[in-house]
Every structure is written in C-alpha cells, then in structure tokens.
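Okay, structure incoming, though there's no sequence with it:
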C-alpha cells in the first residue's frame, strides 16, 4: 500500500495535476452554488476538456469538480437557504439560521472545516478499504456482477425517485434501451440502427449525459423562467463576519466529525444512496446523540447540526468511489458519469484497475485529499469573490452551457447527426423533467447497459439458458435478496400512501 | 381512472416499448445462434417486456402524486427559439466552421434571451470562442475543423 500511496502522490503532485484539482475545485464551486446545476452537470461540461489529458489527469479534474460542487452547494445553503445540490439541503437547517444571526463567516468556516475533515477521513477509509475490497471482488463471477448491477439500478431508482419508484424504473429501462442501440458486442450484429450508419457504434455516452443534464438543465431554466444566478447576486452583498472558530465550537466539531464521517462514508459506498441520504441520516443521528440542551439548538444555528451533514456529505462523495474503483460499478449518477468518461479513455474500472493502472487508482485517492486542502485554503477566503463571478446574468449563462454541450459533441464526432440527436434527447428530457421523471437512473442504466448484457450472457450460457444462476451462488442470492427488500420497501411505501 | 400528463407520457412509453419489442424480435441473428441460450436479441426482448411492464403499471395504478403544471407560466416561445438556433448551429457548423458559427450562435442566443449590450455580447462571442478554440486546438491538441478560418488563411 505504501508503494501505491507513493505512486499516487507522484502522479497527483505533478504541476499539471495540482492545477487540474485547483481548476476543478474552482469551477465546481461556481456550478455547485447555482441552484439546480449540480455536480453531474458540472462534470458533464468538463468532459470535452478531459479529452486532451491522460486518464489520471482527466479523472483528477472531474473529482475536483465533484468536491467543488458539493462545497459550492453548502455555500448557497448557508448564505441564502437555497441549496445548490440536494446533498446540502440538511446544511441549510442550521447554517442559514447561523448566517441570519450575523455569523455567516463562521458558518462557512465550520462547513469548510467539517467538509475537509469528513473528506480527509473518508479518503483514509478509502485508502484502506479499496485495495482489500478489490481483492475480495476478484472472486466475483458474472452472476454476482449481474445481480449487483440489478441492485445498483434498483437502489438508484428507489433513492432518486422522490416516492415515484415506477417512474424511476421506467427511466432505468429507457437508459438500458438507449444503451442497446448499435453493434452487439459479441456478434457485431447491428440493433435498432434503422440502417443509419451514424448509429452503428451506438449512442455516445457523452451525448446522453450532455443532453439529459447540461442541455436539458439549460432549457428547463428558460422554460420555467428560473434565474439560478439571482441568488448568487445576493451573496456578494451579504456581510460575512469573522471566519474564526472558537475553542468551544472546535470541541463540538471534534465530537461530531469522526462519527458522522463513518456514517457518511458507509452510506456513500451503498449503491444509489449518496450524499443526500448521508447528510440527512447524519443530521438525525447527531440530534439523537447530543445532550438535551444541545438538542434544542438544532434548527436554530447548532454547530453540531451544521458540522454533521457537512462531514457526512463529503465523506459520502469519497465513499461513492469505492464501488466504482473496486467493482467497476458506479454507485451514483455522478460516479456513473466518471465511469463513462473512463470507458471513453479505454479504461475499465474494476478489481483489475488496482493491478493494471495503479497510477489511476492511487492518484484519484490522493487527489481527493489534495482537493480537500485546496478547497479549504483557496475557496473559503475566496467565497465573496467567487460569488461575484456568479452574478453573470442568465442571458449569458444559458447560451454558454449550450455552447459547451454542443462543442463537447462536435469535437468528439464531427458530424451533424450527433448534434441533432443530442438536441432531440434534450428536448424529450426537459419535458420529462417537468413531470418528475428522474434522470440519474437513466444515466446509470445507460452506462451499465453493455456490462449488464455481457454478464447476463455469460451467466445464461454457463447455466445453459436457465435462470437458476440467480440463486446458485450464495453471494448472488444475498445480493438479490437486498434487491427484493428495496422493491418490497417501495411497494410498502406506495400502499401506505 | 384519472387521466393526467404523467399517464399520457407513460402510455407513450408503453407504445414505444411495444415498438422496441417488435423491433427486437426482428433483429437478424446468425442461423447457428438462433436457438442459443443467449443471442443478440435476447437482452432487448427482456428490456421490451420490462418497458411494457413498468409503463403499463404506471398507466393502470392510481397516481397519488399528480403533478399540475401551469402551462401559461412556462416560456415555450424562448425555449423553442433557442432549440431552433441550436439546430441551425448544428446544421452549419461543419460547412462554415467552428469559429464563425459558434460565435454567431452565441450572439443570436444572447439576443433572443433579451440581451442588448452589444459590446459585452461581442466580447463573450468572437474573442471568447477564439480563446476557447486556442485552448482546445492549440493547447490540448484537439483537432477542430474550420473551413472558414482555412479560407481566410488563419488556420492551416
């Protein structure tokens, strides 16, 4: 492991990669602060830029954007009660009241230090957990992978559906259907191409991400007459106050951070769960664990109440990398985008990544830590200035998002068909978003579609066409039991409603 | 049964799944693969049935979370214009080239979204695109085809 850490440090500490972490954190913070534009949009917009880099640098840049976006989301939660990303909703419960009491600077500092500590601890957990999990996952067979993918897709549908599980499952199926377009990987038979040569290689992952997130986000903002920059304009006007944390506050944070980092990390590891659930769970758990007098301060500017979700959501971001790096199966929409980008580089994450591309594996882990330091050193004092950059009117912001989306596709394929297809998918996605059809399950399904078919193919061929491979191995059966529990829970919730 | 837009979307998805399933059955596979436990049409067929199942459920089951949208408050006109500009951009980018079409696309989008500060619009189009092009083409070495710049002798 020491050797791995050194490889990671050597790769992550090159001038170019440090610059990429800084650019990523800065850009991610800006996008994360804009309500509605989350880390997935930020990462999607970065994909064209990563084409020019090696895979490690590309992934480091995207990881920086991810953390930056979560940090930016916390800032708008604290200053404006307008969470930029869902993972920072719980931050506003105590962060905003603190800002209202004239302690905005302090709230931002507590959030920044908690994020830093949560992220750092989670990076350490990842450091120890990922290599051993990689070794364990080498024993996984095709039926296990197939079952794991079913679990991941069901879980993301359950957690992102806002109580509308069937809609989310429809999006999963749509994602898999889109992934089935093009040549079959084994027989090279073309499917669903309708004799169109442009579809022979299938639909590009970048196209689907750009269309369903960046472009449809921009169209939704115009359609709904939202102004994501309006909130940001107020940030620069807010009096921040001191960013110093006193001894009492520090001791409260020291109690909260270790326990909530563990819960955040573990929730992040679970497929589909992610930062939102981690932050709410940590907030609830912390409230139950503190003394009665502290309990009453929750919702009114409690240090525990602010530190808990901030630690947990950052720890969850690191946790989400565990299934991606060790199993090659992303646990969240954001890591699905990263998986797609890695596949684009010709790299297949999974247990072998640890052996075949150790520099990528370790440099991502090390860059997480560097990203946390950069967020703390650069972003905290720079928040008022970053907020001023954000006051770009939406009349400029929207065309620029569209420009980045179309450029991303253009530099990849150099044909008009892909641009038309992207616009078409974006229009449909915009309309579906209006009616609460969630997009993250579609992206995860699209990314996993090929792998899922391949593993189902192997499993069925081995079992001679019989579906008994689903319960033949204990591991497969256990994973499927979890899937059934998730579905059962969703059905129970619906009946209760 | 209460008919709402979500159910109409689900019904459309049901029809789409039926079409997908029909097309999946039409996929030509090699004759020796026809009766294999798994061939090129197996997975799409499962997906077709899954689509029919979930969309069918959504159509049939009662919908407690009916989403009501005030269509009058939505900005359909500007959105449609923006989509149209993007389509024109897509149609001309290969023939005219990246620099000119992208700059014009940005200016047109700013204008239709209500911007009238021409100097700012200019700065955030031509020089901005030139800088971005330099980043992609010059620094990151990502090839960008541009017949217009080639014609005026800027690009080799």
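Here it is on my side, so go on. Small disclaimer: the values here were computed from a predicted structure and weren't measured. Numbers count the residues shown, from 1 in each chain, chains lettered A, B, ... in the order given.

On the three-state scheme, the spatially most central residue of chain A is what?
Taking Cα atoms, centre = their mean, the centroid of chain A lies closest to residue A:334, which sits 2.9 Å from it. Here residue A:334 takes the helix state, with states given by DSSP: H, G, I helix; E, B strand; the rest coil.

measure stretch B:124-143 end to end?
Taking Cα to Cα, to the nearest Å, stretch B:124-143 runs 22 Å from one end to the other.

Report pLDDT for residue 152.
All of this refers to chain A. The score at residue A:152 is 83. That number is its pLDDT.

Please refer instead to chain B.
Per-residue confidence (pLDDT) for residue B:152: 84.

Tell me how far it lies from residue A:414.
Computed as Cβ to Cβ, to the nearest Å, the residue B:152 to residue A:414 distance reads 21 Å. No exception for glycine: its C-beta is placed from N, CA and C like everyone else's.

cool, residue A:441 as well?
Counting by Cβ to Cβ, the gap between residue A:441 and residue A:414 amounts to 31 Å.

Looking at residue A:383 now. What's its pLDDT?
pLDDT, the model's per-residue confidence, is 69 for residue A:383.

Looking at residue A:441 and residue A:414 now, which is surrounded by more residues?
Regarding residue A:441 and residue A:414, a neighbour count based on other Cβ atoms under 10 Å in any protein chain shown identifies residue A:441 as having more, with 31 against 14.

did I read that right, residue A:74 in a strand?
No - when the secondary structure is assigned by three-state DSSP, residue A:74 falls in helix instead of a strand.

surely it meets residue A:311?
No - at 11.1 Å, residue A:74 does not count as touching residue A:311 under the criterion of Cβ atoms under 8 Å.

which residues do these two both contact?
residue A:115 (Cβ atoms under 8 Å, 6 or more residues apart in numbering or on different chains).

Map the structural domains onto the sequence of chain B.
Chain B breaks down into these structural domains: B:5-60, B:73-151 (assignment by automatic domain parsing).

now the shortest one, how far from the centre of its chain.
Averaged C-alpha coordinates place domain B:5-60 at 23 Å from its chain's average position (Cα atoms, centre = their mean, to the nearest Å).

So is it next to chain A?
Yes - under the criterion of Cβ under 8 Å from any Cβ of the partner chain, domain B:5-60 makes contact with chain A via B:5-6, B:9-10, B:13, B:17, B:20, B:23-24, B:27-30, B:33, B:36-44, B:47, B:50-51, B:54-55, B:57-58.

Separate out the buried members of these.
B:6, B:9-10, B:13, B:17, B:20, B:24, B:27, B:29, B:36, B:38-44, B:47, B:50-51, B:54-55, B:58 (16 or more other Cβ atoms under 10 Å in any protein chain shown).

quick one: least confident helix or strand in chain A?
Every helix and strand in chain A was compared by mean pLDDT, DSSP states H and E; the lowest is helix A:228-235, with a mean of 63.

Next SSE downstream of that helix?
helix A:247-269 (DSSP states H and E).

Show me what the helix or strand following that following helix is packed up against.
Next helix or strand after helix A:247-269 toward the C-terminus (DSSP H and E): helix A:274-289. Counting contacts by 3 or more Cβ pairs under 8 Å, 6 or more residues apart in numbering or on different chains; DSSP states H and E, helix A:274-289 is packed against helix A:89-100, helix A:142-160, helix A:247-269, helix A:303-319.

For helix A:274-289, buried residues please.
A:274-283, A:285-287.

relative to helix A:303-319, how tilted is that helix?
Between the axes of helix A:274-289 and helix A:303-319, defined by axes from the mean of the first three to the mean of the last three Cα atoms, to 10 degrees, the angle is 150 degrees.

Need the contact partners of the helix or strand just after helix A:274-289.
Proceeding C-terminally, helix A:274-289 gives way to helix A:292-295 as the next helix or strand, assigned by DSSP H and E. Helix A:292-295 is touched from outside by A:252, A:287, A:302, A:304, with contacts defined as Cβ under 8 Å, 6+ apart.

Helices of chain B, start to end?
If you assign secondary structure with DSSP state H, the helices in chain B sit at B:5-26, B:42-60, B:76-96, B:98-112, B:118-123, B:126-133, B:147-151.

Make a markdown table out of those helices and add distance to residue A:489.
Putting the helices of chain B into a markdown table (distance: least, Cβ to Cβ, whole Å) gives the following:
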| stretch | distance to residue A:489 |
| --- | --- |
| helix B:5-26 | 22 |
| helix B:42-60 | 17 |
| helix B:76-96 | 38 |
| helix B:98-112 | 45 |
| helix B:118-123 | 52 |
| helix B:126-133 | 47 |
| helix B:147-151 | 58 |
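
between residue A:74 and residue A:311, which one's more packed in?
The residue with the greater number of neighbours, taking residue A:74 and residue A:311 and applying other Cβ under 10 Å, is residue A:311; the counts read 35 against 32.
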